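> predicted coordinates and the sequence they were generated for:
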Amino acid sequence: MTTSSIGTVAHTSGLLARIRARHVGVGLAIVAPSLIFATLVSFPALDPHFGNGTAHFYIVSAVSALAFAMAVAVLWAARTVSDPRTTFLALAFLSMAGIFLAHGLGTSPLFSDAAHEEHAVVDYRATWFAPVNHEGATSIGSAGYTAPTTSAAPSPDRAARLQVVGYSAQLSLSVSALFFFLATLDFGRRGERFTTRWYSVVIGGAALALTVHALIALWYPRLLTPLPLYRDDVRQTVAVLTTAALLLAAWRFAQAYRLAMLPLQGAMAFAMLMLVQAQWFQVLGSTWALSWWEYHIVMLGGFLVGVGALLHQYRVAGDLSAVVEGLFLRNQIRELRHGDPAALRVLTAAVAAKDTETAEHIDRVGDVAVAVGERLWLPGDRLDVLRWSGRLHDVGKIGVPNSILRKPGPLTPAEFEVVKLHAPRGWRLALASGILAETAPIIRAHHERLDGTGYPDGLAGDQIPFEARIVAVADVWDALTSDRPYRAALSNAEAVEIIEEGIGTHFDPECVRALREVLLKGVRRAA
């Protein structure tokens, strides 16, 4: 093994160790709410009961507002992304916002009964999940409290509304969980055509259904009381199904994040796990106890992370199409792991579609890199690795918004930081694929410079894999001899002159010499 190879292996191992350390920190943040909940439930003295309907309304409204903000943002992006996954993602946030807001409004001052404010805590706890008959009588609720039988008992409409409020929180989680799960599935070309054609109808129908539900839940709640959603066995069954959907969604978003490294995908995985915990805190907690309030706080925290990541991505990129592309990467990696060679062709085509100019760029870089490698007497097996490294050196650009890649003017520092992520993103993708694992260090290092001023790791000299130095020369040569929005293509001689100016600082002298010899032998750009 060469000195360069040993250094590359050691550097890769160090990167993986740092990534694992970050994962441990994220894992602790994820399990912390459950540890707090278990502590509160185990020590009742630490779990006081407090609050009222007005306080509940305010925190629920905050969660609903964040979910609605996410829904609006994704709906805006979905107009130009013909992919059902984006539509389902929007429907998930929309249903969460609509149903959960109705849940909060039911306990707001707008629907409070001033004559019973002194019994507010008792009334809520007694009727939250208790069945209500048409005369307004309630049975013992799941919290173990019986509604007052005196003249201070709530009216039939108020008792029914409290029952609907009780199960609406879980209903918002279960409906949105279904849509979150659907947002991670691949529906193929038929799904894209359906979404493009019926997008407005689907979104409009969902908005109408949510509005009708809110109107009935708040003004005609006794129409919903025959539903058995308040029963403990039904609630627990729904909780299990909701948990399964959210965990599957979290797993798929986490896979996409590992490959595309987009903040929104990581935030979505985190939010799904927060919602799983909120679901069980809601089912197992004692109403109005601190442990029960925790489910609202966990939901709020999960959505704050999601909205923060969304705002960051909008600030830098201005669109959400990269989220769908990240999910696409997950599908291709699964196929590559199963040894499907067709997945390589599909992945190559996807990379070509992201290129700022032509689909031939990746083929040219691969072919020129191999030609340079042959002049440098690389063995046949390394030439095969070099060919795929050249063709997929920019695979990490899947996930970088087109608004950045195709920007005609100079990039802002923040935009350039997003572009720089394509190298480690491509490295992760190659490592995960199995088939392309040998190309991973080359893909990661193709923007490193001999003097150590490159990215993403600032490698210098022999720390840079030799094949990465070859790909760097081939990539820059093809870029210089391609038409760009800001300049016309240079001739081979002009391009080589510019590359030679970077010998010793940017480029390896041997690789530049080999490129010159390849060009002198008559290798030209593909027509």
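Perfect, I can see it now.

> C-alpha only now, for contacts and for neighbours.
Will do.

> element containing residue 410?
For residue 410, there is no host helix or strand (DSSP states H and E).

> how many neighbouring residues does it have?
The local packing of residue 410 (other Cα atoms under 10 Å) involves 10 other residues.

> please apply the same query to residue 389.
Using other Cα under 10 Å, residue 389 has 30 other residues around it.

> thought it was touching residue 439?
Yes. The pair residue 389 and residue 439 passes the contact test of Cα atoms under 8 Å, sitting 5.3 Å apart.

> after the lowest-mean-pLDDT helix or strand in the chain, which helix or strand is next?
Ranking every helix and strand in the chain by mean pLDDT, DSSP states H and E puts helix 120-127 at the bottom, with a mean of 40. Scanning forward in sequence from helix 120-127 by DSSP H and E, the next helix or strand is helix 156-182.

> packing partners for the helix or strand following that following helix?
Reading on from helix 156-182 to the C-terminus, the next helix or strand found by DSSP H and E is helix 188-219. Contact partners of helix 188-219 among helices and strands, from 3 or more Cα pairs under 8 Å, 6 or more residues apart in numbering; DSSP states H and E: helix 84-105, helix 156-182.

> which parts of helix 188-219 are buried?
For helix 188-219, burial by neighbour count (16 or more other Cα atoms under 10 Å) applies to 192, 195-196, 199, 203, 206-207, 210, 213-214, 216-218.

> just how off-centre is that helix within its chain?
Put simply, helix 188-219 sits 22 Å off its chain's centre (Cα atoms, centre = their mean, to the nearest Å).

> helix or strand right after it?
Counting by DSSP H and E, the element after helix 188-219 in chain order, helix or strand, is helix 232-260.

> without its sequence neighbours, what residue ends up closest to residue 89?
The shortest distance from residue 89 to any non-neighbouring residue, by Cα to Cα, 6 or more residues apart in numbering, is to residue 183 (5.2 Å).

> got a list of what the nearest residue to residue 191 once chain neighbours are set aside touches?
Using Cα to Cα, 6+ apart and skipping the chain neighbours, the partner closest in space to residue 191 is residue 84 (6.1 Å). Residues counted as contacts of residue 84 (Cα atoms under 8 Å, 6 or more residues apart in numbering) are 183, 187, 191-192, 195.

> and the buried residues of helix 188-219 as CSV, adding distance to residue 379 and pLDDT?
Formatted as CSV, those follow (distance: Cα to Cα, whole Å; pLDDT from 0 to 100):
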residue, distance to residue 379, pLDDT
192, 45, 70
195, 49, 72
196, 49, 72
199, 53, 79
203, 57, 87
206, 60, 91
207, 62, 91
210, 64, 91
213, 68, 89
214, 69, 88
216, 73, 90
217, 72, 86
218, 74, 87
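
> between those, which is closest to residue 109?
Lowest distance from residue 109 to the buried residues of helix 188-219 (Cα to Cα) belongs to residue 218, with 12.5 Å.

> could the buried residues of helix 188-219 go into CSV alongside distance to residue 268?
Formatted as CSV, the buried residues of helix 188-219 follow (distance: Cα to Cα, whole Å):
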residue, distance to residue 268
192, 22
195, 22
196, 24
199, 23
203, 21
206, 22
207, 23
210, 23
213, 27
214, 26
216, 31
217, 29
218, 31
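
> CA atoms only for stretch 37-45 - export them in PDB, please.
Provided in PDB are the C-alpha atoms of stretch 37-45 (Å, rounded to 0.1, in the frame of the first residue of the first chain):
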ATOM      1  CA  PHE A  37     -40.900  11.500  31.000                       C
ATOM      2  CA  ALA A  38     -40.000   8.200  32.700                       C
ATOM      3  CA  THR A  39     -38.500  10.100  35.700                       C
ATOM      4  CA  LEU A  40     -41.600  12.300  36.100                       C
ATOM      5  CA  VAL A  41     -44.000   9.300  36.000                       C
ATOM      6  CA  SER A  42     -41.800   7.300  38.300                       C
ATOM      7  CA  PHE A  43     -41.700  10.000  40.900                       C
ATOM      8  CA  PRO A  44     -45.200  11.600  41.200                       C
ATOM      9  CA  ALA A  45     -43.800  14.300  43.500                       C
END
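
> list the buried residues of that stretch.
Applying 16+ other Cα under 10 Å to stretch 37-45 flags 37, 40-41 as buried.

> and stretch 483-495, by the same measure?
490, 492, 495.

> want to try TSV for the residues you listed, with distance to residue 157 and pLDDT as columns?
Shown next, in TSV, are the buried residues of stretch 483-495 (distance: Cα to Cα, whole Å; pLDDT from 0 to 100):
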residue	distance to residue 157	pLDDT
490	78	85
492	82	84
495	79	89
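
> from the residues you listed, which land in helices?
With helices taken from DSSP state H, the overlap with those comprises 492, 495.

> if we can go back for a sec, winner for burial among the helices and strands packed on helix 188-219?
helix 84-105 (a mean of 26; mean count of other Cα atoms under 10 Å).

> what's the mean pLDDT across that helix?
Helix 84-105 shows a mean pLDDT of 86.

> CA atoms only: put that helix into PDB for me.
Extracted in PDB, the C-alpha atoms of helix 84-105 (Å, rounded to 0.1, in the frame of the first residue of the first chain):
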ATOM      1  CA  PRO A  84     -45.900  12.900  -5.100                       C
ATOM      2  CA  ARG A  85     -43.500  12.800  -2.200                       C
ATOM      3  CA  THR A  86     -43.500  16.500  -2.000                       C
ATOM      4  CA  THR A  87     -47.300  16.700  -2.100                       C
ATOM      5  CA  PHE A  88     -47.600  14.100   0.700                       C
ATOM      6  CA  LEU A  89     -45.100  16.000   2.800                       C
ATOM      7  CA  ALA A  90     -47.200  19.100   2.400                       C
ATOM      8  CA  LEU A  91     -50.400  17.200   3.300                       C
ATOM      9  CA  ALA A  92     -48.700  15.800   6.400                       C
ATOM     10  CA  PHE A  93     -47.900  19.300   7.700                       C
ATOM     11  CA  LEU A  94     -51.300  20.700   6.600                       C
ATOM     12  CA  SER A  95     -53.200  17.900   8.400                       C
ATOM     13  CA  MET A  96     -51.100  18.300  11.500                       C
ATOM     14  CA  ALA A  97     -51.700  22.100  11.600                       C
ATOM     15  CA  GLY A  98     -55.500  21.800  10.800                       C
ATOM     16  CA  ILE A  99     -56.500  19.100  13.200                       C
ATOM     17  CA  PHE A 100     -54.200  20.200  16.000                       C
ATOM     18  CA  LEU A 101     -55.400  23.700  15.800                       C
ATOM     19  CA  ALA A 102     -59.000  22.500  16.200                       C
ATOM     20  CA  HIS A 103     -57.800  20.500  19.200                       C
ATOM     21  CA  GLY A 104     -56.400  23.700  20.700                       C
ATOM     22  CA  LEU A 105     -59.400  25.900  19.800                       C
END
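
> tell me how far that helix is from the chain's mean position?
17 Å.

> swap in stretch 165-184?
Stretch 165-184 sits 18 Å away from the centroid of its parent chain (Cα atoms, centre = their mean).

> so for it, mean pLDDT?
The pLDDT scores in stretch 165-184 average 88.

> CA atoms of that stretch as PDB?
Extracted in PDB, the C-alpha atoms of stretch 165-184 (Å, rounded to 0.1, in the frame of the first residue of the first chain):
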ATOM      1  CA  VAL A 165     -60.700  17.800  21.800                       C
ATOM      2  CA  GLY A 166     -59.200  14.800  23.600                       C
ATOM      3  CA  TYR A 167     -58.800  12.500  20.700                       C
ATOM      4  CA  SER A 168     -58.100  15.200  18.100                       C
ATOM      5  CA  ALA A 169     -54.500  15.500  19.300                       C
ATOM      6  CA  GLN A 170     -53.900  11.900  18.600                       C
ATOM      7  CA  LEU A 171     -55.900  12.100  15.300                       C
ATOM      8  CA  SER A 172     -53.600  14.900  14.100                       C
ATOM      9  CA  LEU A 173     -50.600  12.700  14.800                       C
ATOM     10  CA  SER A 174     -52.000   9.600  13.100                       C
ATOM     11  CA  VAL A 175     -53.200  11.300  10.000                       C
ATOM     12  CA  SER A 176     -49.900  13.300   9.500                       C
ATOM     13  CA  ALA A 177     -47.900  10.100  10.200                       C
ATOM     14  CA  LEU A 178     -49.600   8.400   7.300                       C
ATOM     15  CA  PHE A 179     -48.700  11.200   5.000                       C
ATOM     16  CA  PHE A 180     -45.100  11.400   6.300                       C
ATOM     17  CA  PHE A 181     -44.700   7.800   5.500                       C
ATOM     18  CA  LEU A 182     -46.200   8.200   2.000                       C
ATOM     19  CA  ALA A 183     -43.800  11.100   1.500                       C
ATOM     20  CA  THR A 184     -40.900   8.700   1.700                       C
END
